[in-house]
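**Q** Take this sequence and fold it.
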Amino acid sequence: MRDEDDLVPPKWRSLFNNQDWLIHDIVVKSIYGFMVIAILAHILVFVWRPWLGLDTVTAMP
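**A** Next up is the predicted model:
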């Protein structure tokens, strides 16, 4: 019983229908986007003002 317009991979068909799968896709992509922004922000802040005691290592004489 396979619909031609079924978007859910066979492995996940017992858990999701098409609408649930589309919402799941949006949530997962939003989380990935947030993680990329958070990691980028942490890298930029670390370059601006290092923490963890690494400022003595990166200080120029």
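**Q** mind checking how far the most centrally placed residue in the chain is from residue 50?
**A** The residue lying closest to the centre of the chain (C-alpha atoms, centre = their mean) is residue 32, at 1.6 Å. With distances taken as C-beta to C-beta, to the nearest Å, residue 32 is found 27 Å from residue 50. Any C-beta I mention is one placed from the backbone N, CA and C, and that applies to glycine too.
**Q** tell me the SS of residue 15?
**A** Following DSSP: H, G, I helix; E, B strand; the rest coil, the label given to residue 15 is coil.
**Q** and it, what does it touch?
**A** Listed by C-beta atoms under 8 Å, 6 or more residues apart in numbering, the contact set of residue 15 is empty.
**Q** Quick one, grab the pLDDT at it.
**A** Confidence per residue is given as pLDDT, and for residue 15 that number is 90.
**Q** Make 277 the starting number, not 1.
**A** Got it, the first residue is 277 from now on, which makes the last one we talked about residue 291.
**Q** And it, how far from residue 303?
**A** Distance, residue 291 to residue 303, by C-beta to C-beta: 14 Å.
**Q** Rounded mean pLDDT for stretch 325-337, please.
**A** Mean per-residue pLDDT for stretch 325-337: 66.
**Q** related to what we said a few turns ago, phi, psi of the residue nearest to the centre of the chain?
**A** Listed backbone geometry of residue 308 is phi -60, psi -40, with angles given as degrees, to the nearest 10.
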